[in-house]
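**Student:** Predicted model, plus sequence, below.
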Amino acid sequence: MLRAKLLYLVLVAGLTIFYVLYIDSMPLLFLSCVLLLPLLLKASVLWLHFCSDGAASCQIECCTAEDPVPVVITLDNRCPLFFSRGEAVLRIRHSFGRKAETMRLHFPVRGQNTTRLTFYLHADRCGSVEIRLMRLRVYDLFRMFHTNVPLHSSRLSLLVLPRPLSLPVSESAPPVPQPESIRYEDKPGDDPSELFGIREYVPGDAVSRIHWKLSLRSDKLMIRELGSPVEQCTLLLAEFLPEGGSMPDVQEAEHFLAVVYSLAMQLITLAHPFVLSWYDGKRGEQLRYAPDSREMLADTFRELYQSLLVMGPHPDAIRETFGEMAFSSSVVITNAAGTGLLHAAEEKILANQHTLLLVREAEKLPVSDLTDICMVLPGQACDTIVL
């Protein structure tokens, strides 16, 4: 823009000198047209401003890390004029990143037309990604003036879930009666083998629950609705402690979240009920969620991302939250070797088996009453987890 204005001033000065040296109607006509040009250009961009609007949109709100996500920027121009240059400025901020990335897109704007710009966002790590359309700007033909197009949708939020790891799970823990389980007090039955209904199959249901005879008759996959298995429930305790209270190591945080997500997905696939719990230092309470589908797990991870930087070891909060509730097994997922969550599990959770998942290199814990100690390091596979 500055260069265009300087060239315009040079042109006006040249025509003025030419008119003074050669007083004639032709130089005067040229000089008059050049002097009127800024008014016409300014009027054109103002016309566009009042006859257009823009927006940013994304068809999906949840994806897996490294999956391409299409983001669309739309400029609806109801002005009949053509503009040679449009500019979209976006700011992309990751919840685990220190700095926001800025992206600029340039494009022409046709008259009485809708311009759609599509770019693919590749989130290389899990977390929450905020996409903000900072401005949608259009310049006149000579780029002397510009206008910012009104935006009616400029903020997008994308939830990026971890890419699942290979964590084989074995359901071998003995049942523990839970007569006071809050999760199932309003549901009928307490026997997993008792049949309460039939419904159509939806993605994510366990294949073992398909009613094959009825499916053949109806030409649709039908699922058995069983009683709530209140005697088999796993407690997942998550604890992530950044060293020195500073920003966490991105790779370590990503691997920690991948372990939690993979284990939860395995339990959902097996139709094994579980409670995912962690301590939120900002709220000052022990949060607990019981997702039983991929959609509910995604909502749970949205909350987990917000609590990741304010987690802390708080065994007393665990004892107060769960009281005398019993679980068939408990899994402590932590990045700290000196965790106190195991002792809380032993005292109040009353689980028959304990499994520790350590997501970083550390010395072997001197814990003798663990049935299984599973060391999960970045880039390595995991042994069978006994639940």
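**Tutor:** All right, it came through fine.

**Student:** Heading C-terminal from the lengthiest helix in the chain, find the next helix or strand.
**Tutor:** In the chain, assigned by DSSP state H, the helix with the most residues is helix 25-50. The C-terminal neighbour of helix 25-50 among helices and strands, as given by DSSP states H and E, is strand 52-58.

**Student:** For that following strand, buried residues please.
**Tutor:** 52-56, 58 (16 or more other Cβ atoms under 10 Å). All C-beta spots, glycine's among them, are computed from the backbone N, C-alpha and C.

**Student:** Please list the residues outside it that contact it.
**Tutor:** 69-79, 90, 131, 133, 136, 138, 149-156, 158 (Cβ atoms under 8 Å, 6 or more residues apart in numbering).

**Student:** what lines up beside the following helix or strand past it in the sheet?
**Tutor:** Going down the chain from strand 52-58, the next helix or strand is strand 62-64, by DSSP H and E. In the sheet, strand 62-64 lines up against strand 155-161 (parallel) (DSSP bridges).

**Student:** Not counting the partner strand itself, show me its contacts.
**Tutor:** 56-58, 60-65, 69, 71, 121, 123, 125-133, 261, 298, 301-302, 305.

**Student:** Any quick ChimeraX command for the buried ones out of the residues you listed?
**Tutor:** In ChimeraX syntax, the buried subset of the contacts of strand 155-161 is picked out as below (16+ other Cβ under 10 Å):
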select :56,58,62,63,65,69,71,121,123,125,126,127,128,129,131,133,261,298,301,305
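
**Student:** can you give me the helices for the stretch 251-387 of the chain?
**Tutor:** For the stretch 251-387 of the chain, the helices defined by DSSP state H, counting those that start in this stretch occupy 294-307, 315-322, 341-344.

**Student:** Could you pull out the strands in the stretch 151-300 of the chain for me?
**Tutor:** With DSSP state E, counting those that start in this stretch as the criterion, the stretch 151-300 of the chain has strands at 151-153, 155-161, 169-170, 195-200, 222-226, 234-239, 274-280, 285-289.

**Student:** tell me, which of those is the model least confident about?
**Tutor:** The minimum mean pLDDT among the strands of the stretch 151-300 of the chain belongs to strand 169-170 (a mean of 64).

**Student:** burial of the residue nearest to Phe301 when sequence neighbours are not counted, as a residue count?
**Tutor:** Spatial nearest neighbour of Phe301, chain neighbours left out: Leu161 (6.1 Å); criterion: Cβ to Cβ, 6 or more residues apart in numbering. Per other Cβ atoms under 10 Å, the neighbour tally for Leu161 reads 23.

**Student:** looking at the chain, which helix or strand does the model trust least?
**Tutor:** strand 372-375 (a mean of 52; mean pLDDT, DSSP states H and E).

**Student:** Now the terminal residues of stretch 144-157, how far apart.
**Tutor:** When the termini of stretch 144-157 are compared using Cα to Cα, to the nearest Å, they are 35 Å apart.

**Student:** Number the chain from 37, please
**Tutor:** New numbering, starting at 37: the last item is stretch 180-193.

**Student:** Enumerate every residue touching the nearest residue to Arg199 once chain neighbours are set aside.
**Tutor:** Leaving aside its sequence neighbours, Arg199 sits nearest to Ala101 (Cβ to Cβ, 6+ apart; 4.9 Å). Contact partners of Ala101, counting by Cβ under 8 Å, 6+ apart, are 159-162, 196-199, 290.

**Student:** Tell me the one among those residues nearest to Thr151.
**Tutor:** Distance ranking of these against Thr151, using Cβ to Cβ, places Ala159 first at 25.6 Å.

**Student:** how about that closest one, phi and psi?
**Tutor:** Ala159 adopts backbone torsions of phi -80, psi 110, taken as degrees, to the nearest 10.

**Student:** what does Ser190 give?
**Tutor:** phi -130, psi -10.

**Student:** how many other residues sit next to it?
**Tutor:** 16.

**Student:** so it makes contact with Glu166?
**Tutor:** No. Applying Cβ atoms under 8 Å as the test, Ser190 and Glu166 come out as separate, 11.1 Å apart.

**Student:** residue ranges with poor pLDDT in the stretch 287-423 of the chain?
**Tutor:** 349, 359-362, 373-423 (pLDDT under 70).

**Student:** please redo it, this time with the cut-off set to 90
**Tutor:** The model of the stretch 287-423 of the chain has pLDDT under 90 over residues 287-296, 298-299, 301-311, 313, 315-322, 324, 326, 328-330, 341-423.

**Student:** residue ranges with poor pLDDT in the stretch 37-186 of the chain?
**Tutor:** Scanning the stretch 37-186 of the chain for pLDDT under 90 picks out the ranges 37-81, 84-85, 87, 94-105, 115-121, 129-137, 139, 146-148, 155-165, 175-182.

**Student:** could you redo the last one with a cut-off of 50?
**Tutor:** Applying pLDDT under 50 to the stretch 37-186 of the chain flags no residue at all.

**Student:** Let me see the ranges of the helices in it.
**Tutor:** 38-57, 61-86.

**Student:** distance of the residue nearest to His85 when sequence neighbours are not counted from Asn149?
**Tutor:** In space, and not counting its chain neighbours, His85 is closest to Thr183: 4.3 Å by Cβ to Cβ, 6+ apart. To Asn149, Thr183 is 17 Å away according to Cβ to Cβ, to the nearest Å.

**Student:** and for stretch 106-115, what are the contacting residues?
**Tutor:** Against stretch 106-115 from outside (Cβ under 8 Å, 6+ apart): 80, 83-84, 87-95, 122, 124, 126, 141, 145-157, 167, 169, 172, 174, 185, 192.

**Student:** which among those residues end up buried?
**Tutor:** 80, 84, 88-92, 94, 122, 124, 126, 145, 151, 153, 157, 167, 169, 172, 174, 185, 192.
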